[in-house]
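> Next comes the sequence, and after it the predicted model I'd like to discuss.
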Amino acid sequence: MHFCCNAVSLDRDIVLPEGAPKLVASLTSRGYTCHQLPMTEFLKAGGACKCLTMFMPQRDQISDE
């Protein structure tokens, strides 16, 4: 199990765990750039690339009035 759907996409760049050559080939043929990372230790704990991100919601800018 490689948790390949546990990936992070930023425009046309995709960060995903290494070990899914068919998926990488398919995505690359569709114009994506894949960045495969060794995630073995995180996979042992049940997580992968997406689990290592921090969601930073956008806030409206506060105006000084």
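Yep, that arrived. Because the structure is predicted, anything quoted here is derived from the model rather than measured. Numbering: from 1, shown residues only.
> By residue count, tell me the biggest helix in the protein.
In the chain, ranked by residue count with DSSP state H as the criterion, the top helix is helix 21-29.
> for that helix, what is the average pLDDT?
Mean pLDDT, helix 21-29: 95.
> Give me the buried positions along that helix.
Neighbour counts over helix 21-29 (16 or more other CB atoms under 10 Å) mark 23-24, 27 as buried. Bear in mind the C-beta positions are built from the backbone N, C-alpha and C, glycine included.
> Would you pull up how far it lies from the middle of the chain?
Offset of helix 21-29 from its chain centre (CA atoms, centre = their mean, to the nearest Å): 15 Å.
> ok so, going back, can you redo the buried residues of helix 21-29 as TSV, where the extra columns are distance to P38?
Shown next, in TSV, are the buried residues of helix 21-29 (distance: CB to CB, whole Å):
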residue	distance to P38
L23	16
V24	14
L27	18
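> which residues of the protein fall in strands?
Assigned by DSSP state E, the chain shows strands spanning 8-10, 13-17, 33-37.
> For K50, find the nearest of those strands.
Among the strands of the chain, the nearest to K50 by CB to CB is strand 8-10 (5.6 Å).
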